[in-house]
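*Asks:* Build me a structure from this.
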Amino acid sequence: MEKLVRIEDCDYIVSGIIEYYKNEELIATINFGDGECDEFATKTCNGVTTEFSMSNFEGWQ
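*Replies:* Got it, this is the predicted structure:
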């Protein structure tokens, strides 16, 4: 897990990683990027990585 980071003048989380565990086994991660202000994050689950827009989810901003 990496600390979630927001920067001034950006509506989104710009970096950090959230890890999801089930029975102490890592099952998925959400990666918010490298510090660039953009709306995209990636989800990795079962070895498959998918990019998604945080603008599609209420509460991110």
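*Asks:* low-scoring pLDDT stretches of the protein, where are they?
*Replies:* Scanning the chain with the threshold set as pLDDT under 70 gives 58-61.
*Asks:* can you map out the strands along it?
*Replies:* 2-6, 13-22, 25-34, 40-45, 48-53 (DSSP state E).
*Asks:* Adding mean neighbour count, write these out as JSON lines.
*Replies:* (Glycine included, C-beta is placed from N, CA and C.) Rendered in JSON lines, the data for the strands of the chain read as follows (neighbours: other C-beta atoms under 10 Å):
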{"stretch": "strand 2-6", "mean neighbour count": "12"}
{"stretch": "strand 13-22", "mean neighbour count": "14"}
{"stretch": "strand 25-34", "mean neighbour count": "14"}
{"stretch": "strand 40-45", "mean neighbour count": "16"}
{"stretch": "strand 48-53", "mean neighbour count": "10"}
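*Asks:* Now do the same contact list for residue 14.
*Replies:* Residues near residue 14 by C-beta atoms under 8 Å, 6 or more residues apart in numbering: 5, 6, 7, 32, 33, 35, 36, 37, 38.
*Asks:* Residue 52 too?
*Replies:* Contacts here follow C-beta under 8 Å, 6+ apart; on that basis residue 52 touches 40, 41, 42, 43.
*Asks:* Turn those into JSON lines, columns for distance to residue 49.
*Replies:* Formatted as JSON lines, these follow (distance: C-beta to C-beta, whole Å):
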{"residue": "40", "distance to residue 49": "12"}
{"residue": "41", "distance to residue 49": "11"}
{"residue": "42", "distance to residue 49": "5"}
{"residue": "43", "distance to residue 49": "7"}
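*Asks:* and which of the residues you listed is nearest residue 55?
*Replies:* The shortest separation between residue 55 and any of the contacts of residue 52 is 9.1 Å, and it belongs to residue 40 (by C-beta to C-beta).
*Asks:* Brilliant, that's me finished.
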